[in-house]
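1. Have a look at this fold, sequence not included:
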């Protein structure tokens, strides 16, 4: 498999109460395309910070990130990187509350420069239907949907812009176990059947157990672990 | 789902917020429309009234300046020397002012009361009033002989008024007060040569059976004993003038006119004869020369400077001008004209835009306009503060949305554009409604405030002078009399398309400022920070 995301010597620290707090230290790691990754780590280890940096929502203190061999900051640009190369699924779903499920999906399609089918609305409805959101629900304002349904809409939105790299930050944190399994099933399907790279930051052992590769963030560094038991915390 | 779509969806789906904001804009719009409407009506009333007034600027000797200067001189000889060369307006100075393209014409007029010839070949236009009935009985004209004895003779009243101008047109002609019916006005060459040409009124021409090209004989004075002792003969007094034009005037005197019975023939506008001012000088020169010679011989104790003897050569030197009235093309340009030339005029002269009376009368409108503008600015500043606060609070609750939009790659510009558009849609709705209600309120309120302003202002209107309904013989006052009613009649609060455009532009400006400040405050953070704040 080819590499899709390469992290080189990533450092991240901030000043807290006059002291420098180091979160990521000379972090190096390579993510391969078409795999479903879970990033594990104790609370406060910097999982969300790492996700923010590799998804272009924040910048590292130093170090380089390469997407498909191109430097994310100097060659692609953070803005274009977020718009055309990646998508993110949040724990809080982060849908636009006054739009319908379909409109939230269309939103991602309208922002990207990637090539998309002409009939975007049909594509949006189909995507939602694939994730269990039927037409009647697709036309509802998202606040009228359940948590699980909203997360499905968020996943549909992340796929709408036709990107190959999807990040998810505790995507099942607010969901019950049955829905959690269902959502992780979708992620697996996306990586295995559609070649998407999924990087999920999670606390959940269930999620972690279903992933192709588990990566542990500890002491500011990433290491691949074989089993969930190897977490060591 | 671009930012325009999102803006419309937000406005339509968050109805209560949109209605509240629209109501705020509606109230702001009403206040601004009232303010702008009243202010505009005041300014328009002033402009329209000023446009109806004559665009005259007076260039004259400034006696205040002269007296102040004389007071400052301590040496008596110097004072005498100053009086000998008393300031005057030179023709060259007027010509310089006339070169300004804003000037239409100028009146530097001289008037004199003249007589018919000895054979009375000319009759004046009669009013058949008491003044005419008593002609010949009007008393005695007395003077002192050389030996100190007093000599009296019957006073003969003049019958014609002669008005001469130094320029080849007149304010009255340009403004249509006098209308040339046949022939023409005198030209520059005739003024230069002192040509004996004249224009008479239609009634005068009819009374005397005159037409253009005919000659008339006029006497500059009556042959009194006083002038006879200087050797002046009837021939010296009489001159033949060619009638080059016949004109009509629009100020007929009727038995209903004020003081009709006391109007002398020469006060009747029908008996006014127009001619170059140099022609009046030429006609009176033989008498003036003989009087000068006689006085030089009989009063040797006085200084008689030969260069000042009346003659064709020193015609300009002896034609004394102390006041010129300039007629401009546009009444709104008088103040600017005065301002432009104020520094170039000679020391003891002044330029007057004749605007003081107008300014005094327009004071209530100025006050009204000032208050109205003050209200507009107050409302606009408050609106910016209020709408900015409302927007800031609204955006605070929508931080997560900004974060989400940025995280999916929406540009900051598009995010701000969406918020701007949302507010602009609501503002347009609010302002459109306020245009309808504001114009009704502005009309009613504007009129009430103006009435109150006038009632509380201390305006004294000048009464018409005795002569104002006949000919302005001596004062040459060309200004237009106006009253507060003239101003009020032009005052009408109308919400013009221009005001409506102003409201929308101002409103969108408020919206822009209100959105940009809080947006920039939020946008300076990266998407992670914004999302972390909300999550």
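-> It's in. Bear in mind the structure is a predicted one, so any value in this text is a computation, not a measurement.
2. where's the residue nearest the centre of chain A, which helix or strand?
-> Residue closest to the average C-alpha location in chain A (CA atoms, centre = their mean): residue A:167, at 1.1 Å. Secondary-structure assignment from DSSP states H and E places residue A:167 in strand A:165-169.
3. could you say what helices and strands that strand packs with?
-> When contacts are defined as 3 or more CB pairs under 8 Å, 6 or more residues apart in numbering or on different chains; DSSP states H and E, strand A:165-169 sits against helix A:47-54, strand A:86-89, helix A:147-160, helix A:177-194, strand A:197-201. In this view, the C-beta of every residue, glycine as well, is placed from N, C-alpha and C.
4. one step back: surely the residue nearest to the centre of chain A touches residue A:86?
-> Yes. In this structure residue A:167 lies within contact range of residue A:86 using CB atoms under 8 Å: 6.3 Å.
5. re the thing from before, between the helices and strands packed on strand A:165-169, which gets nearest to residue B:424?
-> Nearest to residue B:424 among the helices and strands packed on strand A:165-169 is helix A:147-160 (27.4 Å), distances taken as CB to CB.
6. quick check: angle from the strand holding residue A:167 to helix A:177-194?
-> In terms of direction (axes from the mean of the first three to the mean of the last three CA atoms, to 10 degrees), strand A:165-169 departs from helix A:177-194 by 170 degrees.
7. Taking helix A:47-54 as reference, get the angle to strand A:165-169.
-> Using the same axes, to 10 degrees: strand A:165-169 against helix A:47-54 is 150 degrees.
8. What separation do you get for residue B:413 and residue B:520?
-> 12 Å (CB to CB, to the nearest Å).
9. Now for the closest residue to residue B:125 other than its chain neighbours, how many residues are close by?
-> What sits nearest to residue B:125 in space, not counting adjacent residues and going by CB to CB, 6 or more residues apart in numbering or on different chains, is residue B:270, at 3.7 Å. Close neighbours of residue B:270, defined as other CB atoms under 10 Å in any protein chain shown, add up to 23.
10. The helices and strands packed on strand A:165-169: which one's closest to residue B:524?
-> For the helices and strands packed on strand A:165-169, distance to residue B:524 was read as CB to CB. The smallest value, 17.0 Å, belongs to helix A:47-54.
11. For the closest one, which helices and strands make contact with it?
-> Using 3+ CB pairs under 8 Å, 6+ apart: helix A:47-54 touches strand A:3-16, strand A:19-32, strand A:36-40, strand A:165-169, strand A:197-201.
12. how about 6 Å then?
-> With contacts taken as 3 or more CB pairs under 6 Å, 6 or more residues apart in numbering or on different chains; DSSP states H and E, helix A:47-54 sits against strand A:165-169.
13. What mean pLDDT does the strand it packs on get?
-> When pLDDT is averaged along strand A:165-169, the result is 89.
14. Now do it against strand A:36-40, angle only.
-> Interaxial angle of strand A:165-169 relative to strand A:36-40 (the same axes, to 10 degrees): 30 degrees.
15. which bits of the stretch 301-450 of chain B sit near chain A?
-> Residues of the stretch 301-450 of chain B that fall close to chain A, judged by CB under 6 Å from any CB of the partner chain: B:401, B:404, B:407, B:408, B:409, B:410.
16. Can you classify the closest residue to the first one other than its chain neighbours as helix, strand or coil?
-> Leaving out its chain neighbours, the residue that sits closest to residue B:401 by CB to CB, 6+ apart is residue A:96, at 5.7 Å. Three-state assignment for residue A:96 (DSSP: H, G, I helix; E, B strand; the rest coil): coil.
17. Show me where the stretch 301-450 of chain B dips below the pLDDT cut-off.
-> In the predicted model, the stretch 301-450 of chain B carries pLDDT under 70 at residues B:316-318.
18. Tell me which stretches of it form helices.
-> Assignment of helices within the stretch 301-450 of chain B using DSSP state H, counting those that start in this stretch yields the ranges B:315-318, B:334-341, B:356-361, B:363-397, B:399-407, B:412-456.
19. what are the pairing partners of the strand holding residue A:167, and which direction each?
-> The partner list of strand A:165-169 in its sheet, established with DSSP bridges, is strand A:86-89 (parallel), strand A:197-201 (parallel).
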